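> everything below, folded, please.
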Amino acid sequence: MLRFLLLLWSLILPAAVCAEDAPAVPADVRPRVGLVLSGGGARGVAHVGVLQALEELRVPVDVIAGTSMGAVVGGLYAAGVPAARLEALVQTLDWNAAFRDRSPREDLDFRRKQDDREYLVRLPLGVQGRRLRMPRGLIQGQKLTQVLRREVLAVAAVDDFDRLPIPFRAIATDLESGARVVLSRGDLTAAIRASMSAPGVFAPVEIDGRLLVDGGLVANLPVDVVQALGVDVVIAVDVGFQPVGRRQLNSAVAVSNQMLTIMMGHETGRQRERLAPQDILITPALGTMSSLDFTQVGQGIELGKAAAGAQAARLASLALDEPGWRDHLAARRTGTESPPEIRFVRADAGSERYRERILAELAPVVGQPLDPRALERSLSRLYGDGIFEFVDYRIVSEGGQQGLEVAARRKSWGPNYVRFGLELQDDLAGANSFNAGLRLLVTEVNAYGAEWQTDLRVGGSPRFFTEFYQPLGYTARWFVAPRLLVERRNADLIENGTRLASYRLHNQEAGLDLGRELGNWGEIRLGLARGSGRRALRIGDPDDAALPAAGHFERGEVIGRFSVDRLDDVYFPRDGGLFTLQWQGARTGLGADADADRASFDWLLARSQERNTWVLWTSAGTLLSGPHDSVQDFWSLGGLFNLSGLPPEAIRGPHFGIARAIWYRRIGSGTGFLDVPTYAGLSLELGNAWERRSDVDFGTARRNGALFLGFDTLLGPVYLAAGFDDSGDSSFYLLLGRLR
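Okay, the predicted model is just below:
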């Protein structure tokens, strides 16, 4: 009878009736309202505007079903997050960061930071047997999952979605069978993540033994799911794409989008046909707004609000009076004024291998009220080890106490990984150099988390390096690291712009280091090295007594190094610092040709304000004692940011020093899916290399500068630059690869 009365009311209601003129419905006789929110990626922010309009009109929602982005917005709203909070969340969330799994660099393990500094290509590849493996999605969802966890914390212990402030259903697709899966219980965050896991973009989510992906593949507008929950009126919000005309089908991406629109549109059309006359369909006019473009969040919200406002006359018939609305809001409150106190931490059944590491990292949270952001930082540090596909948690009860159950899963494409590095330099005048390399990393060699790292580089400076890194305990900071190095490189001696000689240096050595990690920000090492090499004179007069003689040399030395890395980005840092202090003591008792002591340091500090960044960077090295003709141990300057007006390695000597002041400004947004962050800047440099320490003087330092454009790409930083020397020399650069 109630359905009949509603149908009759919708037929006789004059279209011109305004929302303000419609009588409010008393709470005790109102119809049961179900809300359906479709998928659509970034277009789904329009759902927030629709919810705002419903709240302003005092239209209650009794049940919600959502797909993909509709599941995100709908799930949070069902958990008790009001529309105003949803707007603030989508407006302020750094979507680019949320869609990157990588932890903030300050949370990375120190060894993973070293990976960044040495091999720059960010494409993750696993090695299993003789095959290369890719992740199951470009995004594993680590950061986004933690954002969702934080927002639904008040209902984290609820495992029946009918017991949420608003009953909720999330729609996903079984990746193996293609069947539709309606998620009605379990972990709310996991259900939302599964519903939005677009295949190939997000990794699938495993729930109850099923691999689940985006529900939009099978039900982008799940009207029937809400109807099955016994509602009287359905409000359906469709933010999906509509087919476009021939003129807009002008690229492979456009054609692919059209194909998906058509495929998903058939089921959406069938769902729309299920809507009854009293039901309300809202279709925000989002036009060609991309499903990936979160830069238009504000516009999307307003379009959603406007589309709901256009239906205000019909929605007003569902509005509550003021007392009824207050009662409805009170019923939606979760009743969790304070966070739970965490009494224990445990690893879930699939994470026993990492139990000791999990307990050690999360020990500080035990006995404390749950602080979501502090917990996220701890999980981020654990994730920063670089071996996990995801690290997640849920609140559980045991013996009347609440605690955390942590799930840490090893990367499905691991545990062995390969990274590539590229270095390309061209002076735009015919001189160029190229190096390509790879790093093979074998992780979890034993229960203590040992790693075996091997580098191979080919090109102008071939190099082979291998190191076995063995921690001395499950959570110990101490480690030992045996290593082996074989390398070939050129060394030119240049005076007043004239090359006096060119050597080909061959070096091989073995070493053993004992060290200690200092949190994830630093490291101390003390080691022994023994090796030998050969200097081959390629260019120059072998009878010139002023030149270092060709021949063999022997190495035997003690090496001490203190390293700090707190940079937020190794390519174009905006904040943080980098510091390295090293001493090398060659001793004849260890096999060296002569006793010698050398010391060097490198220090960089970055600070930013809005789009502008200032970098102060200084480096120096000196031969404290020993022979001055060991060209294999000379330091060199020249190249971009190393006296930019001179060619690479243009000057060389046993003593050097350089100070740099660099400014750059971000001029590209880098906010789109494929946009590349772009920077324009300049540098001022003061430095030189000297034959004797007594020659070191500001008066003999060379003054250089550079103008540059920098691009932060997946292959590493790319620079287009011009450098200038105070002597009138200039150099031009096209660079790909590391500069430090």
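> please enumerate the strands of the stretch 601-740 of the chain.
612-625, 635-637, 651-653, 655-666, 678-690, 702-713, 716-725, 730-736 (DSSP state E, counting those that start in this stretch).
> now stretch 135-144: how far from the chain's centre is it?
Taking CA atoms, centre = their mean, to the nearest Å, one finds the center of stretch 135-144 at 10 Å from the center of the full chain.
> of all the strands of the stretch 601-740 of the chain, which lies closest to Asp371?
Nearest to Asp371, of all these, is strand 612-625, at 31.1 Å by CB to CB. Heads up, the C-betas are built off the backbone N, CA and C, glycines and all.
> identify each buried residue in the closest one, please.
Buried positions in strand 612-625, judged by neighbour count with 16 or more other CB atoms under 10 Å: Thr613, Val615, Trp617, Thr618, Ser619, Ala620, Gly621, Thr622, Leu623.
> okay, the closest residue to Met134 other than its chain neighbours: pLDDT?
Leaving aside its chain neighbours, Met134 sits nearest to Trp413 (6.3 Å; criterion: CB to CB, 6 or more residues apart in numbering). According to the prediction, Trp413 has pLDDT 85.
> Trp413 belongs to a helix?
No - membership of Trp413 in a helix is not supported by DSSP: H, G, I helix; E, B strand; the rest coil, which gives coil.
> can you pull the contacts of it?
Under the criterion of CB atoms under 8 Å, 6 or more residues apart in numbering, the neighbours of Trp413 are Pro124, Leu125, Gly126, Gln128, Arg133, Met134, Pro135, Arg136.
> can you flag which of those residues belong to strands?
Leu125, Gly126, Gln128, Arg133 (DSSP state E).
> format those as TSV; extra columns: neighbour count, distance to Leu735 and pLDDT.
Below are those laid out as TSV (neighbours: other CB atoms under 10 Å; distance: CB to CB, whole Å; pLDDT from 0 to 100):
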residue	neighbour count	distance to Leu735	pLDDT
Leu125	16	24	85
Gly126	17	29	85
Gln128	12	34	82
Arg133	18	31	83
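> which among the residues you listed gets closest to Ala363?
Gly126 (30.9 Å).
> beta-bridge partners for that closest one, please?
Beta bridges link Gly126 to Arg133, Tyr417, judged by DSSP bridges.
> for it, what are its contacts?
Leu132, Arg133, Met134, Pro135, Lys411, Ser412, Trp413, Gly414, Pro415, Asn416, Tyr417, Val418.
> surely the second one and Leu125 touch.
Yes - contact status for Arg133 versus Leu125: in contact at 7.0 Å, counting by CB atoms under 8 Å.
> count of residues packed around Asp385?
Counted with other CB atoms under 10 Å, residues neighbouring Asp385 total 20.
> which residues touch it?
Asp109, Arg112, Arg357, Gly449.
> so which of the residues you listed wins on neighbours?
Gly449 (21 neighbours).
> secondary structure class for it?
Classification of Gly449 by three-state DSSP places it in coil.
> if I look at it, how far off is Arg111?
Look at Gly449 and Arg111: by CB to CB, to the nearest Å, they are 11 Å apart.
> any chance of the contacts of Asp385 in CSV, plus pLDDT, distance to Leu686 and secondary structure?
Output for those, formatted as CSV (pLDDT from 0 to 100; distance: CB to CB, whole Å; DSSP: H, G, I helix; E, B strand; the rest coil):
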residue, pLDDT, distance to Leu686, secondary structure
Asp109, 84, 35, coil
Arg112, 84, 34, helix
Arg357, 84, 46, helix
Gly449, 85, 44, coil
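> same list, those, but as CSV with distance to Ala156 please.
Compiled in CSV, those are given as follows (distance: CB to CB, whole Å):
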residue, distance to Ala156
Asp109, 28
Arg112, 30
Arg357, 23
Gly449, 30
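> what's the most distant pair in those residues?
Arg112 and Arg357 (15.0 Å).
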